[in-house]
Every structure is written in structure tokens, then in C-alpha cells.
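**Student:** What follows is a predicted protein model with its sequence.
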Amino acid sequence: MSQAGSTHQPDHLYKGRRASLPLNIVVIGCGLGGLSAAYCLAQAGHNITILEGASAIGEVGAGVQASPNVSRLLIRWGLGPRLEELGVKIQALSLKRWKNDEVVGWTPLGDVIDKEYGSPFYLLHRADFHRMLYEVAEPYCNIRVNSRVVSVDPSKPSVTLASGEVVSADLIIGADGVKSVTREYVVGGADKPRATGDAAYRALIPAEKLLQDDELRPLVEKMESNIWMGPRGHIVGYTIRAKKEFNLVMMHPDDAEGGVESWTAEGNVDKMKEHYKGWSTTIQKLMALVPSTLDWKLMDRDPLPSWIHKDGKLALLGDSCHPMLPYRAQGSAMAIEDAAILGNLFSHCSDRSQISPLLYAYQSLRYDRATATQKSSSLNRHIFHHPDGPEQEERDREMRAAKEDALRVARGEQSTLVLTGNANQWADKKKSDVQFGYDADEEAEKWWLASGNKLMTLAPELKPRVVHSANRDH
């Protein structure tokens, strides 16, 4: 194992603080969450091994959003120049009618977000995002491919690989995604995902094709995130890769029998076009440019009662414990925030007896926020998919009022509306402050100042209440 903890002496993270006891930590999964956790825990002074089942490191997928709550962390990790190079700084959110492209909701982002939250809002290709996290983490940890975990002994703790090899550690972090192996050990049984009734077609179109059409050109030039809201579905479209590609995500009723929860399942282009027949001419033109598509079945899961195994040496992170539906684009953000909190807390580690209390501190800092974000994502599904009628008209009326207010503010006038609870969740300043104003490092530092001296007695008091599925609104 590489002695990452002993070779790098950063002074920019955790106020230069490094754990006086370097732990051997195994991170299962080399996705966005796993790489972030490995990087943060290595910067905290620990020796990290990532175990990845795939034979090569890489990421599929398409667009992903790095809102200010994430970009401030990435910039702190030295990734500001890479974000500038590979990202598109989103200028506004535009919510449109499915039939005629009428803009019913509009929220300025761009410089407004920079000024309000001190960090930009970027749109990225998932593979670019993954590559930049790999580049920043790889020098400080031992990344092993072809290392599929088939079982876990949470009490030792150790994991057994498909090859039969046993890998031991002081602590195991399960960052193995929505189909997590480690989650079953924490929960004590098989995962029970539920079909949401939705699936999502995903496609990328070269931006140059849109630039050749007068009607489609503004979709590239304005650098807005566009959401077309329609009956039982919606479409999200925005540019990524320094405006070279246009990312499309098309939510639709899931009529597939069985179906597979996979990022890479091929979709049927003709079927996709059929779903959006009758939508605006802009949508028809975009559909005509889609050469192939992937179809992703959306599954839902209840919040877990705990993210930590009872023996206190195995904890979950990211999608393995709080998978997000994609309606608010905060899934990767939550995983990266988890990682930042873990790294910060474990920079204080001076004894193995502190592992379990530190894990419960991590859970206490993250549980409510992650669960609230899950709920907020589900609420958008309900808001965006109204069939035409009274509920849709009421939604549009609310969104238009928020749009007019935003335009007033853009002209230098005073806001005249209270937007709390607005159907456009991005216009709700209170919600945006909670979502985008969050600084994971700051939260961890505050927690330590208030509770760090009680560390040795914290484990029992920080265990969460049991959460029942009725608590969720989806």
C-alpha cells in the first residue's frame, strides 16, 4: 500500500491539520464519491486503497452539474482551472412549456450565483468530472482495478475479492454506488428498490449541429439550463465540454416490463421520438439530431435507518446510502460533500477508539441534509410532470410571478415577492441558500469546535432515529 499519508504535506485543507494516527482505509468504488473520499481522507493523513471491480478506470454518463456547494470544494482542492477549462458556467435556468417553448420560469445564475455564494455553478460532462477527480486523488492513494468485492467482514474489518484475496483495514468506506454490496451489510438484508414509473433517455448532440439552425442556436449561445415541462415527463438540455456538446435528458413514463437500472442500457430512438410527438418544434428538431440514446430506468429507495454498521468500522457514502433521483441534479454533490466531511473529521483522529464516534459524527452532520435533498428532488418530479389543466396553470402562474420578480431585480429594482415555496425551486431563495450556501468544511469545523472535546462519548448519542418510508414524499 502506498504511504500516501506520509509523503504529502498539504497546508491548504483542514487548516493544515493531519491525523496523528494514520489509519489504513479501504474505499470500495472508484466513482465520483469514492475518488473524493480517497482524496479527502488522504489529505487528512491516512493511507488509502481504492478497490474497483472494473478492469479500467473511467466513467460513462453525460451531463452533471457542479453547483456552488460542490465547486467551492473542488476549487479548494486545486481544481479551479480544470473547471474553467472543461465546464460551462451556467447563466440561467429556463423552465418552458412543452408545446410551444413559452418560458414560464426563469432564474438568473451566472454572476448572480458567484456574487451570492462566492462560488460558480458549472455544467460538466461526467467523464471529465471523473477524470479531474482521478487526477487529483491518484497521487495520494493506491487504486486497484479488477478488484471486485464479493463479501465484507465488517467486524474485522476486511473484504474478500472475487480472486479470493482478503484485504484488511482499520476502516472501510462503501462508495460502491446505487447497487452497493456494502449497503446490505449495514442494513442487514437485500436492497429493495422500487420502480418510480419513470425512465430517462440520455443523449449527446454535437453543439455545431445546433449552431447550424437559427431556432436551436440560442440553446448553445445562451448557456442556460433548459427544462421543458410536459404531461408525465420533462426534458433537460444544456451545453457541456466548453460548449462543444449539448446534453439531453428526457424523462418519460417507464413502460418497459422489468427493465434494468443501468446507465448503459441502449434505448430505442424511434420509441423515444414517439414519446415526444406533439411537443414543440424545437424538441422535434433536437430529436432529429439524436443518433442513439441510452435508457435509464429510475428506481427509488427509502432512506436508511443508519449508514454505519453496528461494529463501527464500515460506513456508507454517496449513492450507496442516499441515492438521489435526478430531478434536482444534486446526486454527485451529496457524495462529494460526504467525502469532504469525512476527510475533515478524520483529520482529528489520534486513536483507533475514535473511529466509531467519528463515523457517527459524519452521519449526524450529513443525514438530514441528504434526506432533505432526496425529498426536494422528488418534489420536482411532481412539479414538472403535471398534465395540462388547473394544477399546471397554477404552477405556471407561480413560476411566471417569480420570473417577473427576477427580471425586476435584474433591472436593479427591488424584489416584491416572497418566493418561499415557489413551484420553481431555484427561485426559492431560502432553498437556494440551504442548498448552495452549504460549506462542508465549515460545517465540520463548527461541529468539532462544539463537540470535539466530547468525542469519546458521542457514539450512542449520535445514532439516528429510525426513518420510515412514510417520511418521504415520493
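**Tutor:** Perfect, thanks for sending it.

**Student:** Tell me the pLDDT of the residue nearest to Gly174 when sequence neighbours are not counted.
**Tutor:** Counting by Cβ to Cβ, 6 or more residues apart in numbering, Thr182 is the residue found nearest to Gly174 once chain neighbours are left out, at 2.8 Å. The C-beta positions use only the backbone N, C-alpha and C, and glycine is treated the same way. Looking at Thr182, its pLDDT is 96.

**Student:** Pretty sure Thr182 sits against Ser320.
**Tutor:** Yes - judged on Cβ atoms under 8 Å, Thr182 makes contact with Ser320 at a distance of 6.1 Å.

**Student:** Find residues that contact each of those two.
**Tutor:** Common neighbours of Thr182 and Ser320, counting by Cβ atoms under 8 Å, 6 or more residues apart in numbering, are 174, 176.

**Student:** Off-centre distance for stretch 240-260?
**Tutor:** 16 Å (Cα atoms, centre = their mean, to the nearest Å).

**Student:** Using CSV, list the CA coordinates for that stretch.
**Tutor:** Output in CSV follows, covering the C-alpha atoms of stretch 240-260 (Å, rounded to 0.1, in the frame of the first residue of the first chain):
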residue,chain,number,x,y,z
ILE,A,240,-21.2,20.9,-21.7
ARG,A,241,-17.5,20.4,-22.6
ALA,A,242,-16.7,24.1,-23.2
LYS,A,243,-19.9,24.4,-25.3
LYS,A,244,-18.9,21.6,-27.7
GLU,A,245,-21.7,19.2,-26.8
PHE,A,246,-25.4,19.6,-26.0
ASN,A,247,-26.6,17.2,-23.2
LEU,A,248,-30.2,15.9,-23.3
VAL,A,249,-32.0,14.0,-20.5
MET,A,250,-35.6,13.0,-21.4
MET,A,251,-37.8,11.8,-18.6
HIS,A,252,-40.7,9.6,-19.7
PRO,A,253,-43.2,7.1,-18.3
ASP,A,254,-41.4,3.7,-17.9
ASP,A,255,-43.4,1.2,-19.8
ALA,A,256,-40.7,-1.5,-20.0
GLU,A,257,-41.6,-4.7,-18.3
GLY,A,258,-38.9,-5.5,-15.8
GLY,A,259,-36.3,-3.1,-17.2
VAL,A,260,-32.8,-2.6,-15.9
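
**Student:** Can you list the residue ranges for helices in the stretch 201-350 of the chain?
**Tutor:** 207-211, 217-221, 269-275, 281-288, 331-346 (DSSP state H, counting those that start in this stretch).

**Student:** Can you flag the weakest of those helices by average pLDDT?
**Tutor:** Among the helices of the stretch 201-350 of the chain, helix 269-275 scores lowest, at a mean of 92.

**Student:** who's in contact with the residue nearest to Arg194 when sequence neighbours are not counted?
**Tutor:** Residue nearest to Arg194 in three dimensions, not counting chain neighbours: Asp300, with 4.9 Å by Cβ to Cβ, 6+ apart. Asp300 is in contact with 193-196, 325, 378, 474, counting by Cβ under 8 Å, 6+ apart.

**Student:** hmm, 7 Å instead?
**Tutor:** The contact partners of Asp300, taken as Cβ atoms under 7 Å, 6 or more residues apart in numbering, are 193-194, 196, 325, 474.

**Student:** Closest to Val236 out of the residues you listed?
**Tutor:** Leu325 (12.9 Å; Cβ to Cβ).

**Student:** Looks like that closest one contacts Ser378 (just checking).
**Tutor:** Yes - proximity of Leu325 to Ser378 meets the contact threshold set by Cβ atoms under 7 Å, at 6.0 Å.

**Student:** Out of the contacts of Asp300, flag the one nearest to Glu52.
**Tutor:** Looking across the contacts of Asp300 and measuring by Cβ to Cβ, the closest to Glu52 is Pro193, at 22.6 Å.

**Student:** Show the low-confidence segments of the stretch 1-150 of the chain, by residue range.
**Tutor:** Applying pLDDT under 70 to the stretch 1-150 of the chain picks out residues 1-11, 59-61.

**Student:** Check the stretch 351-474 of the chain too.
**Tutor:** Using pLDDT under 70, the stretch 351-474 of the chain drops low at 456-474.

**Student:** overlap in contacts of Leu325 and Ser378?
**Tutor:** Residues touching both Leu325 and Ser378 (Cβ under 7 Å, 6+ apart): none.

**Student:** ok, so what distance separates Pro218 from Asn24?
**Tutor:** Distance of Pro218 to Asn24, computed by Cβ to Cβ, to the nearest Å: 53 Å.

**Student:** Pairing partners for the longest strand along the chain, with directions?
**Tutor:** When the chain is parsed with DSSP state E, its longest strand is strand 194-206. Strand pairing for strand 194-206, determined by DSSP bridges: strand 245-253 (antiparallel), strand 293-300 (antiparallel).

**Student:** can I get those in JSON lines with distance to Gln91?
**Tutor:** Shown next, in JSON lines, are the strands paired with strand 194-206 (distance: least, Cβ to Cβ, whole Å):
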{"stretch": "strand 245-253", "distance to Gln91": "15"}
{"stretch": "strand 293-300", "distance to Gln91": "27"}
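
**Student:** Comparing the ones you listed, which yields the minimum mean pLDDT?
**Tutor:** For these, mean pLDDT drops lowest on strand 293-300, to a mean of 85.

**Student:** can you pull out the helices in the stretch 351-474 of the chain?
**Tutor:** For the stretch 351-474 of the chain, helices defined by DSSP H, counting those that start in this stretch occupy the ranges 355-384, 390-410, 429-436, 440-451.

**Student:** okay, those, which one's buried deepest?
**Tutor:** Of all these, helix 355-384 has the most neighbours on average by mean count of other Cβ atoms under 10 Å, namely a mean of 20.

**Student:** now for it, which elements pack on it?
**Tutor:** Contacts defined by 3 or more Cβ pairs under 7 Å, 6 or more residues apart in numbering; DSSP states H and E place helix 355-384 against helix 331-346, helix 440-451.

**Student:** gap between the residue nearest to Gly174 and Pro303?
**Tutor:** To Pro303, Thr182 is 17 Å away according to Cβ to Cβ.

**Student:** Thr196 now?
**Tutor:** 15 Å.

**Student:** ok, now Gly318?
**Tutor:** Distance from Gly318 to Pro303, by Cβ to Cβ: 14 Å.

**Student:** same thing with Ser119?
**Tutor:** Applying Cβ to Cβ, the value for Ser119 to Pro303 is 28 Å.
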